[in-house]
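Visitor: This is a predicted model, with the sequence first.
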Amino acid sequence: MPFKIATWNINSVRLRLPIVQRFLEEHQPDVLCLQETKCPDDQFPYSGFRKLGYGHIEIHGQKGYHGVATISRRPLEVVERRSFCGLIDCRHLSTLVDVDGRRVLLHNFYVPAGGDEPDPEINPKFRHKLDFLQEMREVRPAGEANTGSILVGDLNVAPLETDVWSHKQMLNVVSHTPVETEGLETVREGGGWVDVMRQHIPPEEKLFTWWSYRARDWVLSNRGRRLDHIWSSADLASALGRIEVLRDARGWDRPSDHVPVIAGFG
DNA sequence: ATGGTGGTCATACCA
């Protein structure tokens, strides 16, 4: 410690490489967890990260869809590339990083978006999302006393009323339906995970990490959602220094629809 | 109720 970790759904790592590099240069996290890399493993742009000092890169990617990557200045060890719901989708990667003698287990997640119709009976993508959240309950902080745990990623659920622009108007919209918000809270509470973004920023305050590409003017309408999350084990949560949601990145050149979230521990 | 934009990969599919 100190240890700085960031998470960002970048919606194509190859197309977005210039702004990811800009982010790394300006914010210098120890570890960056990416989601929606949309990149086969043999085409991952390793050198673009290595030349910035991020020489430790572990990936779990596939052609066209999904894909996660964990990019680090400190040595990393892969723990697991886990498949969920019996599918080959690349949506998870866990790694172990040594932070000045203390071990930190990092889970990098990309939870299914769930399609448009919030009814598992008629929408298989929503069924898949609910099943995925159910299976995620098995993911808990490491049991060892000398190992802290962090879970980050695009969880595609905005759990609190203030995590969406309008709770009332979003109640039947995928990402904020009760079955999803309760499902995600069960995962978090069951594991004893702490929502460190909300530990730092009071739940009364609106907080978004994603703004749709489809808005005419995302700043003016500000119809955002908090879909990206950083959770930690209780021991690490007590060492939380700061949280930053890099809203500015939504206005960068050829942006992702998600912005980076950074947590500093220790 | 509809379509709005942006990604992959070359056609629809996904977000």
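Guide: Sure thing, it's come through.
Visitor: helix/strand/coil for A:T186?
Guide: helix (DSSP: H, G, I helix; E, B strand; the rest coil).
Visitor: That one touches A:R137, doesn't it?
Guide: Yes - with contact defined as CB atoms under 8 Å, A:T186 reaches A:R137; the gap is 6.6 Å. The way it works is simple: take the backbone N, C-alpha and C, and place the C-beta from them, glycine included.
Visitor: Now do the shared contacts for the two.
Guide: Contact with both A:T186 and A:R137 is made by no residue, according to CB atoms under 8 Å, 6 or more residues apart in numbering.
Visitor: residues near A:E205, how many?
Guide: 9 (other CB atoms under 10 Å).
Visitor: Give me the phi and psi for it.
Guide: phi -90, psi 130 (degrees, to the nearest 10).
Visitor: Return the residues of the stretch 101-250 of chain A in contact with DNA strand B.
Guide: By the rule CB under 7 Å from any atom of the strand, the part of the stretch 101-250 of chain A lying against DNA strand B is A:112-115, A:125, A:156, A:213-214.
Visitor: repeat that with 6 Å
Guide: A:112-113, A:115, A:125, A:213-214 (CB under 6 Å from any atom of the strand).
Visitor: Make TSV from those residues and add secondary structure, distance to A:C85 and neighbour count to it.
Guide: Shown next, in TSV, are these (DSSP: H, G, I helix; E, B strand; the rest coil; distance: CB to CB, whole Å; neighbours: other CB atoms under 10 Å):
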residue	secondary structure	distance to A:C85	neighbour count
A:P112	coil	8	22
A:A113	coil	14	17
A:G115	coil	14	16
A:K125	helix	11	14
A:Y213	coil	27	9
A:R214	coil	28	8
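Visitor: Include distance to A:L133 and pLDDT when you put those residues into a markdown table, please.
Guide: Formatted as a markdown table, those follow (distance: CB to CB, whole Å; pLDDT from 0 to 100):
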| residue | distance to A:L133 | pLDDT |
| --- | --- | --- |
| A:P112 | 9 | 98 |
| A:A113 | 12 | 98 |
| A:G115 | 14 | 97 |
| A:K125 | 13 | 97 |
| A:Y213 | 25 | 98 |
| A:R214 | 25 | 96 |
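Visitor: Identify, from those residues, the entry nearest to A:E204.
Guide: A:A113 (27.5 Å; CB to CB).
Visitor: Show the pLDDT at the closest residue to that closest one other than its chain neighbours.
Guide: The shortest distance from A:A113 to any residue other than its chain neighbours is 5.1 Å, reached at A:N156 (CB to CB, 6 or more residues apart in numbering). Note on A:N156: pLDDT of 98.
Visitor: A:N156 - how many residues pack around it?
Guide: Residues near A:N156, counting by other CB under 10 Å, number 25.
Visitor: Go ahead and confirm it touches A:T181.
Guide: No - using CB under 8 Å, A:N156 makes no contact with A:T181, being 11.4 Å away.
Visitor: returning to what we had before: what sits against the residue nearest to A:A113?
Guide: Counting by CB under 8 Å, 6+ apart, A:N156 touches A:110-114, A:129, A:175, A:227.
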